[in-house]
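Peer 1: return atomic coordinates for the entry below.
(one chain, ligands or ions: 1)
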Amino acid sequence: MVTTNVMFLGPPGTYSHQAALQQFSSRNDVKYTPASSIPQCFDELERNNDVDYSVVPLENSTNGQVVFSYDLLRDRMLDKNTTVQGNQKVPKLEIVGEQYVSITHCLLSSVELQGTDGMDRFKRVRIFSHPQVWGQVSEYLSKLKRKHPNVKFETADCTSTSDAALKAREEQAGCKDTETLFLAIASETAATLYDLNIVDHSINDKLGNTTRFLVLRRHHQTSTLVCNDGTMYVSLITFTIEQDDPGSLVDMLTVLKKHAVNMCSIHSRPYNSSANPRKWQYIFYVEYDYDPKKQDWDEFYKQLSGECMQWCLWGTFPRNHKYYQ
Ligand SMILES: O=C(O)C(=O)C[C@]1(C(=O)O)C=C[C@@H](O)C=C1
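Peer 2: Numbers count the residues shown, from 1 in each chain. I've put the predicted structure just below:
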């Protein structure tokens, strides 16, 4: 019987789908629902009680932030309709888990090419993929272009790698001329699902290329953390600070230092505020190790709150063992 509905960036066969399967692998009561975009994964989870979880990409070990997801978190913290307690914003969603998926991109085609050499019989090659992928295969694509100097290469963005696989197949089928080749960069699973040939395997520039995903659900008021089974936890906060106040970021980070809290990541994204229309303002994202046995978390959050303009605790969740690999 299906009791849990998990949304992911579809169609099936994406790396997000893989992350969702990994997260719920021990359960057999789960339905997986493909979304057409990362924003839809957030919106549906907020509005539609039939969706229980969404799994979204956050960062890649080769080309960093998945800005779509960072900006969706930012927009929710800054939204004037988000609940406020003092200067703390309490969004409708919370993070309850993380997953790491090893990314092995393949070059796919519906045409039998016998390897990349078969491309020389085409004048134009149009390659589809998700925008996050280009930075993970840039050296490979440069070499491919050098190897085929008479071919005109173009790239086109799709909503996901599986969407790219479907587009390459559809465009090739609908193409009247014999001079244009349509390719996709997607997973091996997508090749099988959409019946495409693998022209080249493992084309990502860096071996061990990995994407980190967040598991989101609607915010629950109470959640208890297990503190005696050795599980490590991590928390994510976002915050804004005074723009022209020297040391304001240092003051915020000093709270972590004073409480011996280990920061594991810090990122920023620009934001525009209607209250202050000046450009070059930034929202910060900080993750830190959370030890549930530590006594003074209330004092920690009180002090953090005192050092920033607005802040938001997105969740405290178990550190996935794959983080260390
Ligand atoms: O298109 C997919 O397959 C996704 O799951 C999205 C996504 C991303 O946005 O980072 C996930 C992993 C890869 O790094 C490339 C694309």
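
Peer 1: drop to CA atoms for contacts and neighbour counts, all remaining ones
Peer 2: Will do.

Peer 1: I'd say N5 and P34 touch.
Peer 2: No - with contact defined as Cα atoms under 8 Å, N5 and P34 do not form a contacting pair (10.4 Å).

Peer 1: the more surrounded of these two?
Peer 2: P34 (20 against 17; other Cα atoms under 10 Å).

Peer 1: chain neighbours aside, what residue packs nearest to the closest residue to the ligand within the stretch 101-250 of the chain?
Peer 2: Residue of the stretch 101-250 of the chain nearest the ligand, by Cα to the nearest ligand atom: S160 (3.3 Å). Nearest-residue entry for S160: H130, 4.7 Å, with adjacent residues in sequence omitted and distances by Cα to Cα, 6 or more residues apart in numbering.

Peer 1: hmm, the one you found is touching T155, no?
Peer 2: No - the pair H130 and T155 fails to qualify as a contact (Cα under 8 Å) at a distance of 10.1 Å.

Peer 1: for the residue of the stretch 101-250 of the chain closest to the ligand, grab phi and psi.
Peer 2: Dihedral angles of S160 (phi, psi; degrees, to the nearest 10) stand at phi -160, psi 170.

Peer 1: count the neighbours of it for me.
Peer 2: Neighbours around S160, by other Cα under 10 Å: 27.

Peer 1: residues contacting it?
Peer 2: By Cα atoms under 8 Å, 6 or more residues apart in numbering, the contact set of S160 is L9, G10, P11, T14, S37, S129, H130.

Peer 1: same question for H267.
Peer 2: Counting by Cα under 8 Å, 6+ apart, the residues that H267 touches are F284, Y285, V286.

Peer 1: could you measure P57 against the ligand, distance?
Peer 2: Here P57 is placed at a distance of 5 Å from the ligand (Cα to the nearest ligand atom, to the nearest Å).

Peer 1: shouldn't that residue be within a helix?
Peer 2: No - per DSSP: H, G, I helix; E, B strand; the rest coil, P57 lies outside any helix segment and is strand.

Peer 1: show me the contacts for it.
Peer 2: P57 neighbours (Cα under 8 Å, 6+ apart): S16, V66, S69, T211, R212, F213, L214.

Peer 1: among those residues, name the ones in strands.
Peer 2: T211, R212, F213, L214 (DSSP state E).

Peer 1: so P39, which state does it fall into?
Peer 2: helix.

Peer 1: contacting residues for S37?
Peer 2: L9, G10, T159, S160 are the contacts of S37 under Cα under 8 Å, 6+ apart.

Peer 1: hmm, G306 and I241 touching each other?
Peer 2: No - taking Cα under 8 Å as the definition, I241 is not a contact partner of G306, at 10.5 Å.

Peer 1: which of those two has more neighbours?
Peer 2: Higher neighbour count among I241 and G306: I241, with 20 against 13, using other Cα under 10 Å.

Peer 1: could you check how far the more buried one is from C312?
Peer 2: Going from I241 to C312 by Cα to Cα, to the nearest Å gives 13 Å.

Peer 1: how about Y301?
Peer 2: Y301 is 10 Å from C312, by Cα to Cα.

Peer 1: kindly report the same for V111.
Peer 2: V111 is 50 Å from C312, by Cα to Cα.

Peer 1: neighbour count winner among these two?
Peer 2: Neighbours were counted for V111 and for C312 using other Cα under 10 Å; C312 has more, 23 against 18.

Peer 1: got the contact list for that one?
Peer 2: C312 neighbours (Cα under 8 Å, 6+ apart): M77, Q88, K89, V90, P91, I237, T238, F239.

Peer 1: which residues touch the third one?
Peer 2: Under the criterion of Cα under 8 Å, 6+ apart, the neighbours of K89 are M77, T82, T83, Q310, W311, C312, L313.

Peer 1: tell me the first helix or strand C-terminal of the host helix or strand of it.
Peer 2: Here K89 sits within strand 88-90, counting by DSSP states H and E. Where DSSP H and E defines the elements, the next helix or strand beyond strand 88-90 is strand 93-102.
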